[in-house]
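# pasting the sequence and the predicted coordinates here, then a few questions.
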Amino acid sequence: MHHSRPRAELFLPLLTLVALLAAVPCARAQERARPQPELRADAIDVRSARSGTLHAGVGVNLPAGYYARLEMIGAGGVTRRDSTGVASARMDAIARFLLDPFRENRWGLSIGGGISARLESPARWHEYVLLVLDLEAPPVRHVVPALQLGLGGGARVSIVARRYQPGRR
């Protein structure tokens, strides 16, 4: 039997995102590290014989102290189910711990986790717990390229371009 979900459950990812934003502390830390916009391309579970997702997205990294960033992402694209492609959209909320927040090394590593909510047509929600490993490369002009590997709805590989901030990640 198929049961419809209560409306409150559909808004759980949005409520979690609001709660994460409310947890951003320390206005002093925000003065030093501004919100950092990003563009990204994501491949999720593409090696599976039955499913896979390709998304392009935008996001923002919000400072949550010196060593933490809250990453909010919105993306859209296509999801394959069996042999059929359907339109899909995704919202992610990720908290990352930076191992080099002051850009003392050329390469920066961070680890994190969060939640993801993917909407496939026709109006079918999927929620996932995320684990990510993020490797930032040295800046190229005013852009910091990064590779993000993770698990959440399948294996994830993301190519990310973030705005460069001197002395900060």
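Right, received. Where do you want to start?
# all contacts plus neighbour counts: C-alpha atoms, from now on.
Noted.
# restrict stretch 59-73 to CA atoms and write it as CSV.
Extracted C-alpha coordinates of stretch 59-73, given in CSV (Å, rounded to 0.1, in the frame of the first residue of the first chain):
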residue,chain,number,x,y,z
GLY,A,59,25.4,27.4,-2.9
VAL,A,60,26.7,29.5,-0.1
ASN,A,61,29.2,28.8,2.6
LEU,A,62,28.4,30.6,5.9
PRO,A,63,31.0,31.0,8.6
ALA,A,64,30.2,29.3,11.9
GLY,A,65,33.4,30.2,13.8
TYR,A,66,36.9,29.9,12.6
TYR,A,67,36.9,26.1,11.9
ALA,A,68,33.4,25.5,10.7
ARG,A,69,31.3,26.3,7.6
LEU,A,70,27.6,25.7,7.0
GLU,A,71,27.1,25.0,3.3
MET,A,72,23.6,25.5,1.8
ILE,A,73,23.1,24.1,-1.7
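# tally of neighbours for residue 104?
Residues contacting residue 104 under the criterion other C-alpha atoms under 10 Å number 11.
# over to residue 38?
Residues lying near residue 38 (other C-alpha under 10 Å) number 21.
# repeat for residue 122
Neighbours around residue 122, by other C-alpha under 10 Å: 9.
# what's the pLDDT at it?
Among the per-residue scores, residue 122 shows a pLDDT of 78.
# same thing with residue 100?
95.
# that one touches residue 106, doesn't it?
No - using C-alpha atoms under 8 Å, residue 100 makes no contact with residue 106, being 9.6 Å away.
# the more surrounded of the two?
Neighbour comparison, residue 100 and residue 106: the larger count goes to residue 100, with 17 against 10 (by other C-alpha under 10 Å).
# for that one, which non-adjacent residue is spatially closest?
Distances taken as C-alpha to C-alpha, 6 or more residues apart in numbering place residue 108 nearest to residue 100, at 5.8 Å, with adjacent residues excluded.
# which is the next helix or strand following the lowest-mean-pLDDT helix or strand in the chain?
Lowest on mean pLDDT, DSSP states H and E among the helices and strands of the chain sits helix 27-32, with a mean of 48. Next in sequence after helix 27-32, counting helices and strands by DSSP states H and E, comes strand 36-44.
# can you list the strands that that next one pairs with?
Each strand paired with strand 36-44, and its direction, by DSSP bridges: strand 51-63 (antiparallel), strand 155-163 (antiparallel).
# hmm, who's touching the shortest one?
This means strand 155-163. 36-46, 142-150 (C-alpha atoms under 8 Å, 6 or more residues apart in numbering).
# now for the spatially closest residue to residue 81 that is not a sequence neighbour: which residues touch it?
The shortest distance from residue 81 to any non-neighbouring residue, by C-alpha to C-alpha, 6+ apart, is to residue 51 (4.8 Å). By C-alpha under 8 Å, 6+ apart, the contact set of residue 51 is 45, 79-82.
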